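Engineer: Here is my input, please return the structure:
(one chain, ligands or ions: 2)
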Amino acid sequence: MKKSYKILIAIILIYAVIMIIFVGIPAIRKNNNEKKGTYLLVGNVSRWEYVNNTWQSITDINSVLSNNLFKCYDDGNYLGEFEVQYYNDIWYLFDKNNDSRKLSSSFLATSSAKEIEVIDLNNIMTNLDQVDLSYVNKVLEDNSLPSATLTTLGLQNKITFDFDGDKQEEMLYTISNWYDGQSQDKIYSFVFYVDNNNIQILREDIVDKIDMYDNHQYPIVAILDTNNDHKYEFIISEDKLMQGMEQCHIMYQLKKGQFNIIKSCDE
Ligand SMILES: [Ca+2]
Ligand SMILES: [Ca+2]
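Structural biologist: Ligands and ions are numbered 1, 2, ... in the order given. A predicted model of the protein is given here:
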């Protein structure tokens, strides 16, 4: 073989190796990342996946659990990334030594190629004060309900947080008179959002006192950024007191300043 051919072949080989290293391998990695699904496990009852630009219930939970590690949170505390399994109505995580740990019903877990930021609610959730009560009473007045005081609201939580990333904090409220409203004709629960004094009611349930066991409460269970856009989604639980097993979860996402449901109880 002529020397010039050998040089040509050597150049082609070197070029091929360079292309594989700098183009081929990153492309395979990218492809694998894109193939990895996005999953959320919320409490004992909700197992969601992001498919075709919507959140849906996972169809093959066993396959998802055996093929993915999950970032696990329990009562708001980050525990790490683990394999998780569900036995006899309880979530367990397994560490590298296959030692297991039981998780509470306020368990949350995420698995995604992109980081899903989960906010610690312990630092931003508070009870209501008199200023908050003015928002509550506006909501009640608009629904022809009598005014509340801080003592008639058995469930009252406020989250103060910059949901939309504009460096100003908004407020998210969940309230109910279920526990302490027995002297009132109507039993009610509301979830509402206040951005710059504008109130947006996101969830409401108003029943006659005789039907109080049908009334839902809506505790806020998570704030997280599922799509990495630095605008934050949140999840509420839809609970009926005395019927704990019937709970389900609803997820909301901001669009043009309004929170909309992106995962309801029914889908
Ligand atoms: Ca904001
Ligand atoms: Ca987001």
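
Engineer: got the buried residues for stretch 64-84?
Structural biologist: By 16 or more other CB atoms under 10 Å, the buried positions in stretch 64-84 come out as 64-65, 68, 70-74, 76, 79, 81-84. Just so you know, the C-beta spots here come from the backbone N, C-alpha and C atoms, and that holds for glycine as well.

Engineer: Enumerate the residues of the stretch 151-267 of the chain near ligand 1.
Structural biologist: Applying CB under 5 Å from the ion, one finds that the stretch 151-267 of the chain approaches ligand 1 through 162, 164, 166, 168.

Engineer: Now do the contacts for the first one.
Structural biologist: Right, the one you point to is Asp162. 168-170 (CB atoms under 8 Å, 6 or more residues apart in numbering).

Engineer: ok, and the most crowded of those?
Structural biologist: Compared across those, Glu170 has the highest neighbour count, 21 neighbours, by other CB atoms under 10 Å.

Engineer: just checking, it touches Val194?
Structural biologist: Yes. Proximity of Glu170 to Val194 meets the contact threshold set by CB atoms under 8 Å, at 6.4 Å.

Engineer: and the helix or strand hosting Tyr73, what other elements does it pack with?
Structural biologist: Per DSSP states H and E, Tyr73 falls inside strand 70-74. Under the contact criterion of 3 or more CB pairs under 8 Å, 6 or more residues apart in numbering; DSSP states H and E, strand 70-74 touches strand 77-87, strand 107-111.

Engineer: Not counting it itself, show me its contacts.
Structural biologist: 39, 41, 78-84, 93, 103-104, 106-111, 116, 118.

Engineer: What is the nearest of the buried residues of stretch 64-84 to Tyr188?
Structural biologist: Gly76 (27.3 Å; CB to CB).

Engineer: average pLDDT for the lengthiest helix in the chain?
Structural biologist: Determined from DSSP state H, the single longest helix within the chain is helix 3-19. Taken as a whole, helix 3-19 carries a mean pLDDT of 75.

Engineer: now it, how far from the centre of its chain.
Structural biologist: 53 Å (CA atoms, centre = their mean, to the nearest Å).
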